[in-house]
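K.L.:
Provide a 3D model corresponding to the input given below.
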Amino acid sequence: MFKIFKKDNLKLGLLWGFIAPFIGMYGYYLWKARSAGSFIEFVKYLGWQKSIITTMVSFSLLANAILFTIYINSHIDKTAKGIFIMTLIFAIGALILKIMY
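P.N.:
Model (predicted):
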């Protein structure tokens, strides 16, 4: 099972880089908003409470940064490169979202 963490593959890095922000988002929900209701209600709340989006996106990208650091320190560079690419894509999307709202 843990062999997947040792693969050096760009596609795997892109996949991890796509999944990790959602795990980070769920972590933010558990940390800050669990008492407010279900995760679905939290996502709906994000739709009309724009001020939280920046904080939540930052927390989500922190998950990518942690994963990137693990892979780069393990010298699994192709996977780390994929994670970095997805981090940039999410960060640019967050900046665009921040500018628009």
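K.L.:
which element is the residue positioned nearest the centre of the chain on?
P.N.:
Among the residues of the chain, the one closest to the centroid is Pro21, at 1.4 Å (CA atoms, centre = their mean). Applying DSSP states H and E as the criterion places Pro21 in helix 10-28.
K.L.:
Could you list every helix and strand that that helix packs against?
P.N.:
Using 3 or more CB pairs under 8 Å, 6 or more residues apart in numbering; DSSP states H and E as the contact criterion, the elements in contact with helix 10-28 are helix 51-73, helix 77-100. Every residue, glycine included, has its C-beta placed from N, CA and C.
K.L.:
Could you dump the ones you listed into a markdown table with distance to Lys11 and mean pLDDT added?
P.N.:
Output for the helices and strands packed on helix 10-28, formatted as a markdown table (distance: least, CB to CB, whole Å; pLDDT from 0 to 100):
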| stretch | distance to Lys11 | mean pLDDT |
| --- | --- | --- |
| helix 51-73 | 14 | 87 |
| helix 77-100 | 7 | 90 |
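K.L.:
Quick check: chain neighbours aside, which residue is closest to the residue nearest to the centre of the chain?
P.N.:
Spatial nearest neighbour of Pro21, excluding adjacent residues (CB to CB, 6 or more residues apart in numbering): Ser60 at 3.8 Å.
K.L.:
With Met86 instead?
P.N.:
Nearest residue to Met86, sequence neighbours excluded (CB to CB, 6+ apart): Gly17, at 2.6 Å.
K.L.:
quick one: the one you found from Ser35, how far?
P.N.:
30 Å (CB to CB, to the nearest Å).
K.L.:
ditto for Phe22
P.N.:
In terms of CB to CB, Phe22 sits 21 Å off from Ser35.
K.L.:
Show me which positions of stretch 94-101 end up buried.
P.N.:
Ala94 (16 or more other CB atoms under 10 Å).
K.L.:
If anything else comes up later, I'll come back, but that's it for now.
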